[in-house]
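Student: Everything below, folded, please.
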Amino acid sequence: MRLEELKKGLWGYKKDAVFQYISQQEEQFTQKMAEKDAQLEQTSRQDRARIQDLEQENRTLKEELARLRAQQDQISQAILDARSSAEILKAESRAQEEKARETVRQALEQDLAALENYRQQVMDLHRAIRTAMKGLEQQVEEMEQQAEELHEAAPQENLTLFQ
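Tutor: Predicted structure coming up:
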């Protein structure tokens, strides 16, 4: 029923029609309020479900974040450990390299000392040979001189006596 459909009397609208109109309006409003309440209840349930989903997702994301942070900490620690190990290995290799250099230097010094010793022995041998050669040359000269003196002193003419 609409407002235009209300029956009119002598003094205005009829009471029964007005009461009926008000009752209809009240029923419509009650029905609309019930629908609105049902919609609000459904929206409220949906919102609570969405809140629970979001809270679950939030917990999951927090757990994932905690796991990722732990992994990040492990990676950072691994990097620090690797750097530390690299520094230790560098120091060890430097020490080994220095030790190897010292060993090579000592071996070189020993070889050079042995070489100097051989050179000195060769020089001594050379001097000894030269001295021996000079002595031999003097002996040869003396023998040649004696041979010449003997040759000059030897009789040249009458050798028949010795036959």
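Student: Point to the residue nearest the middle of the protein.
Tutor: In the chain, the residue lying closest to the centroid (Cα atoms, centre = their mean) is Ala82, at 6.1 Å.
Student: what about Gln77, how many residues close to it?
Tutor: 10 (other Cβ atoms under 10 Å). Quick note: C-beta positions are derived from backbone N, CA and C, even for glycine.
Student: Let me fix that, I meant to ask about His126.
Tutor: Using other Cβ under 10 Å, His126 is surrounded by 10 other residues.
Student: Any figure for the gap between Arg101 and Glu109?
Tutor: For Arg101, the distance to Glu109 equals 12 Å [Cβ to Cβ, to the nearest Å].
Student: could you pull out the helices for this protein?
Tutor: Taking DSSP state H, the helices of the chain run over residues 15-153.
Student: okay, and the helix or strand of it with the least pLDDT?
Tutor: strand 8-9 (a mean of 63; mean pLDDT, DSSP states H and E).
Student: ok so, going back, where does the residue nearest to the centre of the chain land on pLDDT?
Tutor: According to the prediction, Ala82 has pLDDT 96.
Student: next one: Thr103
Tutor: 96.
Student: what's the burial count for it?
Tutor: A total of 10 residues lie near Thr103 under the criterion other Cβ under 10 Å.
Student: residues in contact with it?
Tutor: Counting by Cβ atoms under 8 Å, 6 or more residues apart in numbering, Thr103 touches no other residue.
Student: how close does it get to Glu116?
Tutor: In terms of Cβ to Cβ, Thr103 sits 20 Å off from Glu116.
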